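J.: make a model of this:
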Amino acid sequence: MAGEVVLVAEEKKVGGSVEIISTTNVKPKKSDIGRKECQLVTFDLPYLAFYYNQKLLIYKGGHENFDEVVEKLKDGLALVLDEFYQLAGKLDKDEDGVFKVVYDDDMAGVEVAAAAAEDLEVAELTAEEGTSKFKELLPYNGVLNLEGMQRPLLAVQLTKLKDGLVMGCTFNHAILDGTSTWHFMSSWADICKGAHTVAVPPFLERTKARSTRVKLNLTKPSDAPEHANSAQTNGGAAKSEPPLREKVFKFSESAIDRIKAKVNAGSPPKPYSTFQSLSAHVWQAVTRARDLAPTDYTVFTVFADCRKRVDPPMPESYFGNLIQAIFTVTGAGLVLGNPVEFGAGLIQTAIESHNAEAINKRNDEWESNPIIFQYKDAGVNCVAVGSSPRFKVYEVDFGWGGPESVRSGLNNRFDGMVYLYPGKSGGRSIDVEISLEGKAMEKLEKDDEFLMEI
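T.: Here you go, the predicted structure:
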């Protein structure tokens, strides 16, 4: 088959009820792309010591004629990689020690595993509040992005269920952010449904956003921060830390509308957006659940898309990381002692002030003293928001309908990490996926003010 090399054909049990049937490498369908190199830029480099970014799409359907479905998905992947060929490449460094992403026709390409868990039903996975059942369905648990110098930059596991299919996709976060991830996923799905070309090709000239060459003394995992020296089997969490719990809180359209109305009840000069309102609601509730002292600091962090913030603006199709963490800090007593719009005001001010000048200043500071942070360095007692309800994750349809559920994997989770996804029911509904220490999560689950009767 064009663009595909079969590596493993025998059946291999990986634990639990999931069996790996085969592992293949899929390359672009075009065999004459040649060697392509692109420097990683300042927006990319901080993620080298994060873990690969994992997304799990759970489908009802796709299990019938599973072998044919797998071949169709791999054929579509080969075609979409003609445009997104960087995902079929590797990380490398040039003679000056500057990181780059490189593709060449003789590289292995994307790793694709076919697997079976035929005793597992879709309903068991969609009902899963944590992530324990996801580990065997996702590649590269606890693998650092820096390892993309030796590993593929994208690994996919397609698992046949009793009544559906799970697609576990693991992306090297050093070369793309959420916007680029879902651009790729929707393009792949469109090709599988019959499109002959990628509707919106990726904009691959990442140095148009920032071209400063930054030398980093990183070549292997042991060069990364201490947290990354020995990736744990739970996706990198340190053994000494209290165990985390994860849960998805599903806020209906009406609940979102009530949260927004409550936050805007005081008629602020500029109305708070849905994101600002929901973020403040979550920040206050998590702060309450943690039982922080009034003088304890708490940080709200959002990983904001900068495509329209940089000067000149970059297209939505910009392929890479064009995000930056925006921080706002205050006392826990102020978050809890004031109406929720207090937090919303802080968030709104921080986001609106993060313009091209602020972005350039942050980049200048980092380039003068590049520090590779831990993935969980989002601030003390933090609430850190990633992903976005704007991503059209439930429209990623490969030919048998959209997913029943979309979840983040085990990697890059820490106390206070929040992922936002659109709700499956559509409209203005939003799913809020939160990781917290167990005691705090137990309180959050019982907090009627937070739950809004969801």
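
J.: run through the helices of this structure in chain order.
T.: 66-80, 122-126, 178-192, 253-263, 274-289, 332-337, 341-352, 356-368, 438-445, 448-451 (DSSP state H).

J.: how far does the second one sit from the chain's center?
T.: This points to helix 122-126. In terms of CA atoms, centre = their mean, to the nearest Å, the centre of helix 122-126 is set 21 Å apart from its chain centre.

J.: what sits up against it?
T.: Contact with helix 122-126 is made by 58-60, 133-134, 137, 161-164, 166, 404-405, as judged by CB atoms under 8 Å, 6 or more residues apart in numbering. Heads up, the C-betas are built off the backbone N, CA and C, glycines and all.

J.: give me the buried positions along it.
T.: Taking 16 or more other CB atoms under 10 Å as the neighbour-count basis, helix 122-126 is seen to contain the buried residues 122, 125-126.

J.: now swap in the first one and tell me
T.: Within helix 66-80, the residues scored as buried using 16+ other CB under 10 Å are 66, 69-70, 72-80.

J.: now do the contacts for residue 57.
T.: If a contact means CB under 8 Å, 6+ apart, then residue 57 has 166-169, 393, 396, 403, 405-406 as its contacts.

J.: that one pairs with what?
T.: residue 167, residue 406 (DSSP bridges).

J.: show the pLDDT at it.
T.: Among the per-residue scores, residue 57 holds a pLDDT of 98.

J.: go on, residue 242?
T.: 80.

J.: related to what we said a few turns ago, how about the helices of the chain, which one is nearest residue 141?
T.: Shortest distance between residue 141 and those, using CB to CB, is found for helix 122-126: 16.5 Å.

J.: rewinding a little: now render the helices of the chain as JSON lines, adding distance to residue 152 and mean pLDDT.
T.: Written out in JSON lines, the entries for those read as follows (distance: least, CB to CB, whole Å; pLDDT from 0 to 100):
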{"stretch": "helix 66-80", "distance to residue 152": "12", "mean pLDDT": "98"}
{"stretch": "helix 122-126", "distance to residue 152": "25", "mean pLDDT": "95"}
{"stretch": "helix 178-192", "distance to residue 152": "14", "mean pLDDT": "98"}
{"stretch": "helix 253-263", "distance to residue 152": "38", "mean pLDDT": "97"}
{"stretch": "helix 274-289", "distance to residue 152": "34", "mean pLDDT": "98"}
{"stretch": "helix 332-337", "distance to residue 152": "43", "mean pLDDT": "98"}
{"stretch": "helix 341-352", "distance to residue 152": "35", "mean pLDDT": "98"}
{"stretch": "helix 356-368", "distance to residue 152": "28", "mean pLDDT": "97"}
{"stretch": "helix 438-445", "distance to residue 152": "34", "mean pLDDT": "97"}
{"stretch": "helix 448-451", "distance to residue 152": "40", "mean pLDDT": "96"}
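
J.: need these in CSV (columns: distance to residue 51).
T.: Converted to CSV, the helices of the chain look like this (distance: least, CB to CB, whole Å):
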stretch, distance to residue 51
helix 66-80, 23
helix 122-126, 21
helix 178-192, 15
helix 253-263, 30
helix 274-289, 23
helix 332-337, 29
helix 341-352, 26
helix 356-368, 21
helix 438-445, 22
helix 448-451, 29
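
J.: so which of those helices gets nearest residue 296?
T.: Here helix 332-337 is closest among the helices of the chain (CB to CB), at 4.5 Å.

J.: quick one on the thing from earlier: just the ones of the contacts of helix 122-126 in strands?
T.: When the contacts of helix 122-126 are checked against strands using DSSP state E, the ones located there are 58-60, 161, 164, 166, 405.

J.: before we move on, the earlier item: please name whichever of the helices of the chain is nearest to residue 112.
T.: helix 66-80 (5.9 Å).

J.: now that closest one, how far from the centre of its chain.
T.: On the basis of CA atoms, centre = their mean, helix 66-80 sits 23 Å off its chain's mean C-alpha point.

J.: what comes into contact with that helix?
T.: Helix 66-80 has contacts (CB under 8 Å, 6+ apart) with 1-4, 24, 26-29, 62-63, 110, 112, 114, 116, 156, 158, 160, 165, 184, 187-189, 191-192, 198, 398-400.

J.: angle of that helix against helix 178-192?
T.: Using axes from the mean of the first three to the mean of the last three CA atoms, to 10 degrees, one finds that helix 66-80 and helix 178-192 are set 120 degrees apart in direction.

J.: rewinding a little: out of the contacts of helix 66-80, which end up buried?
T.: Listed as buried from those are 3-4, 24, 26-29, 62-63, 110, 112, 114, 116, 156, 158, 160, 165, 184, 187-189, 191-192, 198, 398, 400; burial here means 16+ other CB under 10 Å.

J.: could you measure from residue 90 over to residue 174?
T.: Residue 90 sits 11 Å away from residue 174, going by CB to CB, to the nearest Å.

J.: so for the two, which sits in the more crowded spot?
T.: Neighbours of residue 90 and residue 174, each counted by other CB atoms under 10 Å, are more numerous for residue 174; the result is 25 against 19.

J.: assess the claim that that one and residue 148 are in contact.
T.: Yes: checked against CB atoms under 8 Å, the pair residue 174 and residue 148 is within contact range at 6.3 Å.

J.: find the residue ranges of this protein scoring beneath the pLDDT cut-off.
T.: Across the chain, the stretches falling below the confidence threshold (pLDDT under 70) are 1-16, 220, 222-240, 375, 454.
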